[in-house]
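Participant: Fold the following for me, if possible:
(one chain, ligands or ions: 2)
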Amino acid sequence: MIQAKGMAAYQAKSPLQPYTFERRDPKEYDVVIDIKYCGICHSDIHMTRDEWGFESSFPMVPGHEIAGVVRAVGNRVSKYQVGDRVGVGCMVDACRTCAHCEKNLEQYCLSGSNWTYGSMERDGSAVTQGGYSNAIVVTEDFVFRIPDSLALDKAAPLLCAGITLYSPLNHWRAGPGKKVGILGLGGLGHMGVKLARAMGAEVYVLSHSDRKREDALKMGAHHFLSTNNTGVFKEFSNSFDLIINTVSSAELEMSNYFSLLKLDATLVSVGAPDKPLSISPSPLIGMRRNYAGSLIGSVKETQEMLDFCGKYEITPEIEVIAPSQVNEAYERVMKSDVRYRFVLDMSKLLET
Ligand code: NAP
Ligand code: ZN
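Facilitator: Ligands and ions are numbered 1, 2, ... in the order given. The predicted model follows:
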């Protein structure tokens, strides 16, 4: 077995603490990765606090925005070599044979994808543990190549925040001539701004205060709307082609946001609050509008997104911290006080 060290929640809502555990020895198609950086996603907070009611097992090592370097490979691995710069996102496997997996949509695997942490390994042998650690062992088909133009610390958040916005922007065809709203300017939202801008859309940020206006415009948004000024809902009604909701809280008056959509336009929720959103169908009915959801992105799409970001040098705004600062970082994320993604530097793990 491979000895690993990380930061774990020993039980729901408890602060993360140092944790020593074992990873499996690499099987024939496995890649052993020395983790260099791991982003902090708001989902890590929902999960370690058990806010989604999954009754997950603890101790839990969170983290699914993983960037590192290949340490070793199994004897049948063909895609990677020792020393390659690689990433791992939210999934470590899927059945690979169901109708969805066959269509390259492993995140919607009909028998359940195997999530990077708080899930089971495909063979049922162990609970998965994530990237707030110094090493991980993953089957090569769920490992991604990080383009040389991307620094590893900046590449890490692309593995969840990047792909979770790239996939719906791509699916609902954000591009020239489309007015796209990004609701919530956090880790996911700020990647949405950069990606939608690079795809050629006209980008609006909808944020619940005025505090992030300057940042949003610097990131490439064409316009910034502060939604605490309710006049914006009237002013911009029936004008958006697509809105992506990245907000982590259920405290949203959804009818207001639906009213911003044009006829037949779509609002996609990617934000996954711990409480249900309250929705009235009236504003959907009245203008044949659509309300949809979207979950991360597929393996194929994730590599495509990394290559797209590599080509156009699209990277997140990050604050790199030591693993010992993770609990403080969680508090700041919960207060929307992150500009715009915390990334853990695993070389500092031994200091914890
Ligand atoms: P984050 O960095 O905390 O950003 C969330 C943003 O939501 C905040 O920056 C804030 O933006 C806004 N917000 C927070 N509280 C609010 C409130 N009370 N009212 C209105 N707006 C509020 O979180 P994240 O990492 O981007 O994740 C966002 C959500 O997406 C989480 O629920 C996460 O679990 C989920 N997620 C889903 C997927 C998926 O595949 N669907 C993948 C990853 C994460 P403003 O200050 O600009 O308003
Ligand atoms: Zn995530």
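
Participant: which residues touch S336?
Facilitator: Counting by CB atoms under 8 Å, 6 or more residues apart in numbering, S336 touches 186, 208. To be clear about C-beta, it is placed using only N, CA and C from the backbone, and glycine gets the same treatment.

Participant: Work out for me the element it sits within.
Facilitator: Assessed by DSSP states H and E, S336 sits outside every helix and strand.

Participant: Can you give me the pLDDT of it?
Facilitator: Looking at S336, its pLDDT reads 90.

Participant: now the residue lying farthest from the centre of the chain: how far from D241?
Facilitator: Within the chain, G286 marks the point farthest from the mean C-alpha position, 32.7 Å out by CA atoms, centre = their mean. Relative to D241, G286 is positioned 17 Å away (criterion: CB to CB, to the nearest Å).

Participant: ok, now S282?
Facilitator: 21 Å.

Participant: the more surrounded of the two?
Facilitator: The neighbour comparison of S282 against D241 (other CB atoms under 10 Å) goes to D241, with 20 against 11.

Participant: give me the number of residues near the closest residue to that one other than its chain neighbours?
Facilitator: Nearest residue to D241, sequence neighbours excluded (CB to CB, 6 or more residues apart in numbering): K178, at 4.4 Å. K178 is flanked by 19 other residues according to other CB under 10 Å.

Participant: what are the phi and psi angles of K178?
Facilitator: phi -110, psi 140 (degrees, to the nearest 10).

Participant: Run through the residues that contact the residue in the stretch 251-352 of the chain that ligand 2 sits nearest to.
Facilitator: Residue of the stretch 251-352 of the chain nearest ligand 2, by CB to the ion: I296 (7.5 Å). By CB under 8 Å, 6+ apart, the residues touching I296 are 89-91, 107, 160, 163-164, 167, 302.

Participant: Kindly recompute the last result at 7 Å.
Facilitator: For I296, the contact set (CB atoms under 7 Å, 6 or more residues apart in numbering) comprises 89-90, 107, 160, 163-164, 167.

Participant: Going by residue numbers, what spans are helices in the stretch 251-352 of the chain?
Facilitator: 254-258, 282-285, 299-312, 326-334 (DSSP state H, counting those that start in this stretch).
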